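Novice: After the sequence you'll find the predicted model.
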Amino acid sequence: MERILVIQLARMGDLAQSLFLCRDLHEEGHAVSLLVDARCAGICAQLAPWLERVFTLDMERYLRGFRDGGASWVSLWESLARELGEPLQTRFDRAINLNFGRLPASVAALFRRASRLEGFGPGEGAACGAPWLAAFSRVIRTNRRWNRFHLTDMFRRHAQPNGRCSRPETRAASPGRLASGGLVGLQPGTRSAKRTWPPEAFAEVARGLLEDHDARVVVLGDAGERAGAEAIRERSGGGASVEVLAGKTSLADLVRVLRECDLLISGDTGTLHLAAWLGVPSLAIYFGPAWLFETGPYGAGHTVVQAEPPCAPCRETEPCSSPACGPSVRADAVRRLLRAEPFPEGAGVRAYRSEWIEGWMHFRPVSRSAPSREEILAYLHWGALGEWVGMPSRFPSMELALRTLLSAYRLEGREQMPGGAARERAVPAGTPQEERERLETALQKGCRRLGEMLDGDAAQEPVRFERTAAGAGALP
Amino acid sequence: METLRRNLSALKERQPELARSLEGVARSAETDLHRSSAGLPVHRYKGRLLHSLKDPAAEAARLAAQWRARPAAGATGDMPGAVAVFGFGSAHHLSALLQAPALAGATLVVVEPDARFLRAALEDLEVADLLRRARIVCGEPPARAAGLLPGAEAEDRLLVHPPSAQAHERYLEALQAHAWYRVHGGKALRIALIGPVYGGSYPVACHVRLALEELGHVVEFVDLADFNPGYQKLLECDPDRGLLVEFEKVLSRFAEQRVLDCRADLVLALAQAPLREESLGAFRERGIPVAYWFVEDARRMTYWSRVAPLTDAFFMIQRAARKDVLSSGARCVHYLPMAALPSLHAPEKLSEEERARYGARVSFLGAGYPNRRRLLARLGRGDLKVWGDGWGGVAWPLGERIQENGRRLSAQETVKVFNATRVNLNIHSSTHHEGIDPHGDFVNPRTFEIASCGAFQLVDRRSLLGELFSEEEMVCYGDLDDLKAKIDYALDQDAYRSQRALEGRARVLREHTYALRMQELLGVLYARGLRAKSEGRTAAQWIEEAQSPELKAYFGGFPADQPLDLDGIVESIRKKPRLDDVDRVFLTLAAFKEEATCRRSCS
């Protein structure tokens, strides 16, 4: 048994996605503590009562201190030293940093003296020489469209030497089977305007829930999202069937409400990831910087509608010159999806369902269509990571990746097969020479194998999946 | 015209000068008026609708609500006493903003770059009440407009109307940076400026130095030109370039040492500066911000991928490569076009002898790139003079037009050539095209320099030229036939030439000087947290303030009467072989500071 500190200093959504690793570690018999942002501290015990300790850091206080002035840096140092005093005095065997960036890496470095430091380091590297994490960071910094690894799956590699995940916990179900009279949560607000679906669209979906499913609807959010939530209620014409809870719930209340919900409809938000942790089925609307393969709702049976213009996924902080991807996700199409009718794809929008592929999170297009060259490259990357970083047993095999590709997409000819130049471009910038060669070889071998599969019967052989039906869950 | 009369009359009450100037301005030909389904006016400007045609009022209400919710507007959601909006549009967003109860009595400043558009808006919209409540900043260059924004932290309070921002991208980015410069630029910075050993960016480094000094900053110019003879020798004798790499390492270490010795607030490097990753890393480790102005074609020179990730801000003369540079790991990429130095690039009265030597009906000055050779050869003019180096082996008859054996001219001599020539030809270089690069984007220094001299030029079309000069200020040609026709026309039309030259020079002085570029560059860095090193409290004073005994003891290790700040402490920690917990907490605090300034600039 080891004493382990997991450092997760971002917001609610990231915390929820990190709890899967904490649980894996706990189930391996380790004593797990968390270091979290003070704003999230209140519900850690509610979500994960088995945590040994929850330490907090008031991130906003220090950022505000430097942003707005007022407090001197001396007084900020004294507060920081007070907050960090207890965790620093606790002797941890391992400290795992799950945040990108220099600031969390700097916090994690405080524990270097007494612990084995793991997870993300400053820049693109890993804190303790985990080449797979460095490779993953490099891919998502270079071109996120090449990535098929879910962030939570990568977090979970820190547990269990064989890299396999633990037990199921989800009751995700197809929104198409939404029971009449069910309770549906709407979370319209997100932290960024670039991934916030317009209130009119949410109102239209709410109207559909009332008309098509006789559902009861609760609109969630914080106080700042209250006005938008009220507008949704009004526009939906739902009267008493639509209740606005935005600004009225604490985090603990939110957890209680989500547990009651039969379905959550949301953008890429903390509420969505919280619901995924609680096993609540969700229908997620992703566009702009939100990219389902990276941070889609974790667990089997969720549905994600993803806008996929050529510029997606963009960066959150970059100005947008063509803000059409949000409106391209149409409310009437989402309504059809809820009625279990065929999703009208096209115009760069696709619907996906989440599933497990031998313990790995995978999003399968609802309709099987021809993959783009970039999508083929993404699967090749998925299958190449193990060879690339010299740890083939810890990551999906190329065989698995290609079989998944062929079962999820309709690849009949070789027109979209990436050639040598495309493969060369698919090596992320900054990859060390030795790794570059291994990756290029793995991609080349993958292409060759894909050609063989297309030529032979292997292409027709479907991948076997774990069950993903409601209740059974299949978090492997 | 009744609407215009009412609007101008309202505007006159607060801004009589602007009202008078708008009376004399023609309506923008790029603006037309449409109606929403509810009959509300919506303008289309430069091909863009400025509001939703479906429901402009609802759209404006949403935008205003978003603005009111901005953190910069105050933690409580209340609007501040003065607020600035970028873009007049069809004013729906301004009306919606003014409906906020919290704004009652607040000053509203509206920045609208294009006077001709504003004239159109005042002809079409009933906005007299709005004009009585707002102050309009119109037709001012960005640096001047920044000075007219309200509040100390003006940049934070600038609410941007997105369609207007798209129509005036260059103006807005310059305005925001100048707003930051206006707030923080008063305090002199110590800037270590690192130029190349030789080449085209060397004179740019010299101009940058003068501009920074003109702004009152202290410049430590790490002038590597002294090493040029040795460098050239190695270029000649070292075909494998192994020794040259070693020499560059030495130069990089030399520059690094100079930066550290002068305790610079900022390192500013120009393209081709021989700075290696190790030195850039050393600056970062010591918390010295690094800015890099990449004054060359990023499509042709790709070493930015090595350098940009190690800088705090990377400035480019092209927009198109921005995404790639960000993907390489750069933290901040900003478009910063070239400029002129008016103290050098100025109209000059030449002697008869100089006029005979440097003058011509038509001149070209620049290196002999293949596309220039082909274009000038096909131009076939006997009254052409060609100045500059790199023209070896050029065939007759163009060979005869090369002046003074194709020697490289000094900066002062180039000014004489521009001044003494009736029609200066400007051809952007290309190694891949027969003549004009049809995909050319950035604008070369010569464009600004000739214009700043008050000389007439014909320049090949560039995609980024239109937002820097108007058609009245700069005459472009699209192909060889067009060039021939325009040379013939211009040679005969003295008034046409001098009018264009005058307008071009005025625009350079208003918006395209090195001093303005440096204000913009520093503004971007101020937004990211750059500050002059603290002249604040001493270690003894901090001991008084500290509550914790261990911190008091820690401060005791510094000279009691010397100023001490967080950056200074971090610098001292970096030199320690072993760190204790106090040191580590300081490093974490410094990371919070860096994150706070980074988030601020990102927002």
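Specialist: Received, thanks. Numbering: from 1, shown residues only, chains lettered A, B, ... in the order given.

Novice: Give the buried residues for stretch B:496-506.
Specialist: Across stretch B:496-506, burial judged by 16 or more other C-beta atoms under 10 Å in any protein chain shown covers B:Arg497, B:Arg500, B:Ala501, B:Leu502, B:Glu503, B:Gly504, B:Arg505. Quick note: C-beta positions are derived from backbone N, CA and C, even for glycine.

Novice: just stretch A:410-428 next, same as before
Specialist: Buried residues in stretch A:410-428, defined by neighbour count with 16+ other C-beta under 10 Å: A:Leu411, A:Gln416, A:Met417, A:Pro418, A:Ala422, A:Arg423, A:Ala426, A:Val427, A:Pro428.

Novice: give the contact list for the first one.
Specialist: The contact partners of A:Leu411, taken as C-beta atoms under 8 Å, 6 or more residues apart in numbering or on different chains, are A:Ala370, A:Pro371, A:Ile376, A:Leu405, A:Leu450, A:Leu454, A:Ala459.

Novice: what's the burial count for the closest residue to A:His362 other than its chain neighbours?
Specialist: Residue nearest to A:His362 in three dimensions, not counting chain neighbours: A:Glu355, with 5.5 Å by C-beta to C-beta, 6 or more residues apart in numbering or on different chains. By other C-beta atoms under 10 Å in any protein chain shown, the residues close to A:Glu355 number 23.

Novice: which element is A:Glu355 on?
Specialist: Using DSSP states H and E, A:Glu355 sits within strand A:349-357.

Novice: Can you name every helix or strand that that strand contacts?
Specialist: If you count contacts as 3 or more C-beta pairs under 8 Å, 6 or more residues apart in numbering or on different chains; DSSP states H and E, strand A:349-357 packs onto strand A:303-307, strand A:360-365.

Novice: After the helix or strand where B:Arg5 lies, which helix or strand is next?
Specialist: Using DSSP H and E, B:Arg5 falls within helix B:2-14. Sequence order places helix B:16-23 as the next helix or strand after helix B:2-14, per DSSP H and E.

Novice: chain center to that following helix, what's the gap?
Specialist: 30 Å (C-alpha atoms, centre = their mean, to the nearest Å).

Novice: Can you list the neighbours in contact with that helix?
Specialist: Helix B:16-23 has contacts (C-beta under 8 Å, 6+ apart) with B:Leu8, B:Ser9, B:Leu11, B:Lys12, B:Ala115, B:Leu118, B:Arg119, B:Leu122, B:Ile136, B:Cys138, B:Gly139.

Novice: List the residues that contact the fifth one.
Specialist: If you count contacts by C-beta under 8 Å, 6+ apart, B:Ala115 has them with B:Ser21, B:Leu22, B:Val25, B:Cys138, B:Gly139.

Novice: Closest one of the residues you listed to chain A?
Specialist: B:Cys138 (23.5 Å; C-beta to the nearest C-beta).

Novice: Identify the residue spatially nearest to that closest one, adjacent ones excluded.
Specialist: Of all residues not flanking B:Cys138 in the chain, B:Glu112 sits nearest, at 4.7 Å (C-beta to C-beta, 6+ apart).

Novice: try B:Glu140
Specialist: Closest residue in space to B:Glu140, ignoring its immediate chain neighbours: B:Leu148 at 6.9 Å, by C-beta to C-beta, 6+ apart.

Novice: That neighbour touches B:Val137, doesn't it?
Specialist: Yes. Counting by C-beta atoms under 8 Å, B:Leu148 touches B:Val137, with 4.8 Å between them.

Novice: Serialize the buried residues of stretch B:496-506 to CSV and add fields for distance to A:Gly279.
Specialist: Compiled in CSV, these are given as follows (distance: C-beta to C-beta, whole Å):
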residue, distance to A:Gly279
B:Arg497, 77
B:Arg500, 71
B:Ala501, 73
B:Leu502, 73
B:Glu503, 69
B:Gly504, 68
B:Arg505, 70
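
Novice: Out of these, which is nearest to A:Leu15?
Specialist: B:Gly504 (58.0 Å; C-beta to C-beta).

Novice: Am I right that the closest one is in contact with B:Phe469?
Specialist: Yes. Between B:Gly504 and B:Phe469 there is a contact at 6.5 Å, judged by C-beta under 8 Å.

Novice: Quickly list what's touching both of these two.
Specialist: Joint contacts of B:Gly504 and B:Phe469 (C-beta under 8 Å, 6+ apart) are B:Ala451.

Novice: tally of neighbours for B:Lys98?
Specialist: Slight slip there: residue B:98 is Leu, not Lys. Neighbours of B:Leu98 using other C-beta under 10 Å come to 18.

Novice: what about B:Val417, distance to B:Leu210?
Specialist: 21 Å (C-beta to C-beta, to the nearest Å).

Novice: Could you do A:Arg216 as well?
Specialist: Where B:Leu210 is concerned, A:Arg216 sits at a distance of 71 Å (C-beta to C-beta).

Novice: Could you pull up the residues touching the residue of the stretch 101-250 of chain A found nearest chain B?
Specialist: Relative to chain B, the nearest point of the stretch 101-250 of chain A is A:Ser106 (3.6 Å; C-beta to the nearest C-beta). Applying C-beta under 8 Å, 6+ apart, one finds that A:Ser106 lies in contact with A:Pro122, B:Leu587, B:Thr588, B:Ala590, B:Ala591.

Novice: check which helix or strand covers it.
Specialist: Judged by DSSP H and E, A:Ser106 forms part of helix A:102-109.

Novice: now that helix: how far from the chain's centre is it?
Specialist: 22 Å.

Novice: Need the CA coordinates for the helix or strand that comes right after it. CSV is fine.
Specialist: Toward the C-terminus, helix A:102-109 is succeeded by strand A:116-119 as the next helix or strand (DSSP H and E). Presented in CSV, the C-alpha positions along strand A:116-119 are these (Å, rounded to 0.1, in the frame of the first residue of the first chain):
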residue,chain,number,x,y,z
ARG,A,116,7.9,10.1,-6.6
LEU,A,117,6.6,12.8,-8.8
GLU,A,118,4.4,11.7,-11.8
GLY,A,119,2.0,13.1,-14.2
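
Novice: For strand A:116-119, list every residue counted as buried.
Specialist: By 16+ other C-beta under 10 Å, the buried positions in strand A:116-119 come out as A:Leu117, A:Glu118, A:Gly119.

Novice: got it, and stretch B:181-189?
Specialist: B:Tyr181, B:Arg182, B:Val183, B:His184, B:Gly185, B:Leu189.

Novice: Check stretch A:80-98 too.
Specialist: Buried, per 16+ other C-beta under 10 Å, within stretch A:80-98: A:80-81, A:83-84, A:87-88, A:90, A:92, A:94-98.

Novice: Among those, which lie within helices?
Specialist: The helices in this structure, assigned by DSSP state H, contain A:Leu80, A:Ala81, A:Glu83, A:Leu84, A:Pro87, A:Leu88 from the buried residues of stretch A:80-98.

Novice: Tell me where the model's unsure across the stretch 201-350 of chain A.
Specialist: Confidence mapping of the stretch 201-350 of chain A against pLDDT under 70 gives the ranges A:321-323.

Novice: I'd like the distance between B:Glu354 and B:Val415.
Specialist: B:Glu354 sits 11 Å away from B:Val415, taking C-beta to C-beta as the criterion.

Novice: who has more neighbours, the two?
Specialist: Counted by other C-beta under 10 Å, B:Glu354 and B:Val415 do not tie: B:Val415 has more neighbours, with 23 against 16.

Novice: would you say that one is within a strand?
Specialist: No. Assignment of B:Val415 by DSSP: H, G, I helix; E, B strand; the rest coil gives helix, placing it outside any strand.

Novice: Wait, it touches B:Cys453, no?
Specialist: Yes. B:Val415 is within contact range of B:Cys453, at 5.8 Å (criterion: C-beta under 8 Å).

Novice: joint contacts of the two?
Specialist: Listed contacts common to B:Val415 and B:Cys453 are B:His345, B:Ala346, B:Glu348; contacts here mean C-beta under 8 Å, 6+ apart.

Novice: In three-state terms, label the second one for me.
Specialist: Recorded secondary structure, B:Ala346: coil (three-state DSSP).
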